[in-house]
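1. sequence plus the predicted model coming up.
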Amino acid sequence: MEQATVFWSRALTELTLSFHIIFATLGVGVPLMILIAQYVGYKKNDMHYTMMARRWARGFTITVAVGVVTGTVIGLQLSLLWPEFMELAGQVIALPLFMETFAFFFEAIFLGIYLYTWDRFKNPKHHMLLLIPVAIGASMSAVFITIVNAFMNAPQGFDMVGGELINIQPILAMFTPAMPTKIGHVLVTSYMTVAFILAAIAAYKLLRGEDHMYHKKALFMMMKLGVIFSIASALVGDFSAKYLAEYQPEKLAAAEWHFETEEGADLILFGVLDEGEIKYEIRIPKMLSFLASNDFNAEVIGLDQYPEDEHPPLITHYLFDVMVVIGMLMIFLSVAYLVGKWRKWQWVESKWFRVLIVLSGPLSLVAIEAGWWLAELGRQPWILYGIMRTEDGATGATGVEYLFVAFAIVYFVLAIGSLVVLHRMFKNNPVEKELAARQGGDSVWH
């Protein structure tokens, strides 16, 4: 019964996080894209870019609403499903949780002012400046909640005496070794994902025959940003691998199916396990050693150095592969697009290439999901690394499986409802109609 409760508690938490991370990613990345679009529109005096900011902001309000709901649910589930963990560590992580709420209110206040003051400023620059605190607040929300996750991976800032945390130093607990790479990875992958989602929407519109300059400009700008943030994601990912090699080597070993400690370790992609033997894999000689320490001959600790009951699930290997392969595809796709536009190659505007761009949006979301599953499953069997095992932090209540079914239904309804509302919002106000109304002096913002 206890194992079933732990399983369903983990399943419900994973379901909520997997659903929430989609809207959280949009919540972090979209404000920055709105700010960039409106800034370009202001500098170039180009209505197309200003209209991008206007329309994206309108859709953003829907995703924010759903993100708030699911984010609140996560907070409740921490207390209800993991009471032993919260009793032990709640007093340590209370500060970043409070700061995350403060950052959201900071963002929401300026977002409300921004949304309801279109055309009310004589100087449009002043309206644009309202987006700066919105973007900062959105990113800081991600920073503070990621600090909580970083603490779970590298707890510090307290003394452990008799199973209790004493001499707590909240500021020190926030600045853990895991914090820099986790925050960097969350932010840049959010920006990257949103850039490709917006590029995918523009490419889809062009495929549908809406050959409007608005969509062409949106596609070009988002693909440029896609190059920047996809390369940044790869760099931060490299730093993350080096962090794991030093602080959580068993997590890296499980993700890479590195079973024995050795020097000059190969990087293994794909493959299958057959009675402990790796088959059909792709091996890159000595690359794992290089990723771990920038030395092709460095020693990389394997799973043989850890008790079997402390091994993370080996399925994390496939999650790592999915995340890395999609990330590399995004770099290749965006670079190919920009080089093609620069060289004026016709295939850049071909149907098949635009189909690839359309696919980049959902693929980026798949990479985000794979990355979070890798992060959370890779920490197992610990809920608080090295201190509390997951089964020790779970609730003892029964019936969690019924809650799982109920929340699954709620999230399904929320997902369908969000898509329907967004579809109708933009279908009833196509960009041609809005641009014509704006140029004619008639505001369609209502």
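-> Thanks, I have the structure now.
2. how far away is Pro177 from Phe121?
-> For Pro177, the distance to Phe121 (Cβ to Cβ, to the nearest Å) stands at 45 Å. For glycine as for every other residue, the C-beta is placed from the backbone atoms N, C-alpha and C.
3. same thing with Ile183?
-> Taken as Cβ to Cβ, the span from Ile183 to Phe121 is 34 Å.
4. and Thr261, by the same measure?
-> Thr261 is 63 Å from Phe121, by Cβ to Cβ.
5. give the contact list for Val188.
-> 229, 232-233, 236 (Cβ atoms under 8 Å, 6 or more residues apart in numbering).
6. tabulate those residues (CSV), appending distance to Pro133.
-> Below are the contacts of Val188 laid out as CSV (distance: Cβ to Cβ, whole Å):
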residue, distance to Pro133
Phe229, 21
Ala232, 23
Ser233, 25
Val236, 25
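7. which one (most neighbours) among the residues you listed?
-> Ser233 (26 neighbours; other Cβ atoms under 10 Å).
8. please tell me I have it right and that one contacts Met328.
-> No. With contact defined as Cβ atoms under 8 Å, Ser233 and Met328 do not form a contacting pair (10.2 Å).
9. tell me which other helices or strands the helix or strand in which Trp342 is found touches.
-> In the assignment (DSSP states H and E), Trp342 maps to helix 316-343. Counting contacts by 3 or more Cβ pairs under 8 Å, 6 or more residues apart in numbering; DSSP states H and E, helix 316-343 packs against helix 179-207, helix 213-247, helix 249-255, strand 267-274, helix 351-378.
10. quick check: buried residues in it?
-> Neighbour counts over helix 316-343 (16 or more other Cβ atoms under 10 Å) mark 316-324, 326-327, 329-331, 333-334, 336-338, 340 as buried.
11. contacting residues around Ser190?
-> Counting by Cβ under 8 Å, 6+ apart, the residues that Ser190 touches are 24-25, 28-29, 142, 368.
12. between those, which is nearest Ala89?
-> Using Cβ to Cβ, Ala142 comes nearest to Ala89 of the contacts of Ser190, at 20.3 Å.
13. any idea which element that closest one lies in?
-> Per DSSP H and E: helix 131-153 holds Ala142.
14. could you tell me the angle between that helix and helix 213-247?
-> With axes from the mean of the first three to the mean of the last three Cα atoms, to 10 degrees defining the directions, helix 131-153 sits at 30 degrees from helix 213-247.
15. Ile183 and Phe121: which has the busier surroundings?
-> Ile183 (20 against 13).
16. I'd say the more buried one and Thr146 touch.
-> Yes. With contacts counted by Cβ under 8 Å, Ile183 reaches Thr146, the gap being 5.1 Å.
17. point out where the protein drops to low pLDDT.
-> 1, 438-446 (pLDDT under 70).
18. 80 instead?
-> 1-2, 75, 90, 119, 121-122, 162-165, 210-211, 275-276, 396-397, 427-446 (pLDDT under 80).
19. other SSEs contacting the longest helix seen in it?
-> Longest helix of the chain, by residue count under DSSP state H: helix 2-44. For helix 2-44, the packing partners by 3+ Cβ pairs under 8 Å, 6+ apart come out as helix 47-81, helix 124-129, helix 131-153, helix 179-207, helix 213-247, helix 351-378, helix 390-393, helix 400-427.
20. out of these, which gets nearest to Pro170?
-> Closest among the helices and strands packed on helix 2-44, using Cβ to Cβ: helix 131-153, at 10.1 Å.
21. which strands and helices sit next to the closest one?
-> helix 2-44, helix 83-115, helix 170-174, helix 179-207.
22. show me the contact partners of stretch 135-142.
-> By Cβ under 8 Å, 6+ apart, stretch 135-142 touches 24, 27-28, 30-32, 34-35, 99-100, 103-104, 106-108, 110, 183, 186-187, 190.
23. one more time with 10 Å, if that's ok
-> Under the contact criterion Cβ atoms under 10 Å, 6 or more residues apart in numbering, stretch 135-142 has outside partners 24-36, 60, 64, 67, 71, 99-111, 133, 143, 183, 186-187, 190-191.
24. who are the contact partners of the residue lying closest to Gly184 once chain neighbours are set aside?
-> Nearest non-adjacent residue to Gly184, counting by Cβ to Cβ, 6 or more residues apart in numbering: Val236, 4.3 Å away. Listed by Cβ under 10 Å, 6+ apart, the contact partners of Val236 are 180-189.
25. please indicate which of those are buried?
-> Applying 16+ other Cβ under 10 Å to these flags 181-189 as buried.
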